[in-house]
Each structure stands twice: as C-alpha cells, then as structure tokens.
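Enquirer: please find the sequence and the predicted model below.
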Amino acid sequence: SAVISQKPSRDICQRGTSLTIQCQVDSQVTMMFWYRQQPGQSLTLIATANQGSEATYESGFVIDKFPISRPNLTFSTLTVSNMSPEDSSIYLCSVEFGGLGLSSSYNEQFFGPGTRLTVL
Amino acid sequence: AQSVTQPDIHITVSEGASLELRCNYSYGATPYLFWYVQSPGQGLQLLLKYFSGDTLVQGIKGFEAEFKRSQSSFNLRKPSVHWSDAAEYFCAVGGGGYQKVTFGTGTKLQVIP
C-alpha cells in the first residue's frame, strides 16, 4: 500500500488564474494518475504520469490546460491553467505499483485525499 | 470499451440491516474488479478486489463481493450495516498492465437509525 498526500486540500480561485496541485507518495511508484471528480459524478481520468516519460492525456484533456510534472518516483504536480467555474471539481491523484514492462500491475490504485477546487 | 454500471444512485438502509450494492461490468477478457468507498471530503479507499481464484472475496470493514462471470456482476454485500458505512461506493474494472481503470458512477449509501 501507499500513503499519499495532496496539497492544497482545498482552494478558492479566481477565474483566469492557475493552481498547481502537489501529490506526494511515501514510497517509490512507477505509475501515477490524475483524476477529476465533478460534483455528484464519478471519477474521470485526466492523465497518466509515469516517471521518465511525458504524461499521457485522455480524450478531452490537453497539456496546455492541465500540465503535469513527474520529476521523480514519489512526486507529481497537476496544474489547472486559466481556470473557469467549470473547472470547479475535486482533483485526485492515485498510484499503482508495477507497470512499465512488469506484468505485476493489477490496476490496484491507492488514492490521495483529493483537492477541492472552487473557481469563482 | 470497458464500462461499469451501478444502477442504484442512492440507497437507504436501516442500521443493522443487510446491504447489497449492484455492479455490472463490460469487459472483453478476464476483468480485475474493485470496490472503493469514499467518505465525505475524503479520497477513495479500497474495500476489496478480485483478480482470480475464489469468486467470493472478503474485504475490509466486513464487506464481501461475489464475482459472477455469467451475469457480468460484482455485487458488494454486508450482512449488517453500521451508521459509519454511510458513504459513496464506487465499483471499478481494469484489465491489468497498462489498461485504464474505469469507475462506475457511484452509489450513495444513507444509513438511518
């Protein structure tokens, strides 16, 4: 398992600004993910962030809007750029052990507590 | 494409009563199945998982789930619900390796005294 922390836990931002969310893991992991959970809805995968490679974005999400960094095996950031009220959501990071050529990844993910973002 | 259906958006049960949350999945091969719970203001916590083997899996907090391939279902059960079980429950399916995990829309559980 893994202990995952996110900063900030919540924020209220003005339209047009940007917010960077940090995700810290207590152990080295290969695969990290960023999800969005809009009010009353399920989780939508934004991108997969594997250390040593560019983030892979899902359909409907682009790097200019959601730039991601993954400088090492325990840390990642997601930036929500040029925010609008439609970006108000909970943003979650998760990690998965295994992957990158290993067959031992069973898609079991561990989640951070989330960042609740409100854009005015 | 894989998908998960949780037909019940909201369920209310009395404390001490039994609980069953439904989950149906669509996946072309052997699925990896999960149930997560999300308490208000919290992230998701894994309750249980199924990869292979015994189709009845036990999880934390007294929950269990049964994988039924013929029905493409992975329903979550608990024999006696506690007030602290009030939360939102998500079913998810993956295929292992680099396969993306797909989450259902969630079932919100309310527990009444």
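Expert: All right, it came through fine. Residues are numbered from 1 along each chain as shown, chains lettered A, B, ... in the order given.

Enquirer: what residues does chain A put near chain B?
Expert: A:4, A:41-43, A:45, A:58, A:92, A:94, A:99, A:103, A:105-114, A:116 (Cβ under 8 Å from any Cβ of the partner chain). Every residue, glycine included, has its C-beta placed from N, CA and C.

Enquirer: nearest residue to the closest residue to chain A within chain B other than its sequence neighbours?
Expert: With Cβ to the nearest Cβ, the shortest gap between chain B and chain A falls at B:Gly94, namely 3.1 Å. Spatial nearest neighbour of B:Gly94, excluding adjacent residues (Cβ to Cβ, 6 or more residues apart in numbering or on different chains): A:Asn107 at 3.1 Å.

Enquirer: quick one: neighbours of the one you found, just the number.
Expert: Using other Cβ atoms under 10 Å in any protein chain shown, A:Asn107 has 25 neighbouring residues.

Enquirer: pretty sure it is touching B:Gly96, no?
Expert: Yes: if you go by Cβ atoms under 8 Å, A:Asn107 and B:Gly96 touch, sitting 5.8 Å apart.

Enquirer: out of the residues of chain A next to chain B, which are buried?
Expert: Neighbour counting with 16 or more other Cβ atoms under 10 Å in any protein chain shown marks A:4, A:42-43, A:45, A:58, A:92, A:94, A:99, A:105-114, A:116 as buried within those.

Enquirer: from those, which land in strands?
Expert: A:4, A:43, A:45, A:92, A:94, A:109-111, A:116 (DSSP state E).

Enquirer: could I get those residues as JSON lines with pLDDT and distance to B:Asp54?
Expert: As requested, these are exported to JSON lines (pLDDT from 0 to 100; distance: Cβ to Cβ, whole Å):
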{"residue": "A:Ile4", "pLDDT": "93", "distance to B:Asp54": "29"}
{"residue": "A:Leu43", "pLDDT": "91", "distance to B:Asp54": "28"}
{"residue": "A:Leu45", "pLDDT": "94", "distance to B:Asp54": "30"}
{"residue": "A:Leu92", "pLDDT": "96", "distance to B:Asp54": "30"}
{"residue": "A:Ser94", "pLDDT": "94", "distance to B:Asp54": "26"}
{"residue": "A:Gln109", "pLDDT": "88", "distance to B:Asp54": "22"}
{"residue": "A:Phe110", "pLDDT": "90", "distance to B:Asp54": "23"}
{"residue": "A:Phe111", "pLDDT": "92", "distance to B:Asp54": "26"}
{"residue": "A:Arg116", "pLDDT": "95", "distance to B:Asp54": "38"}
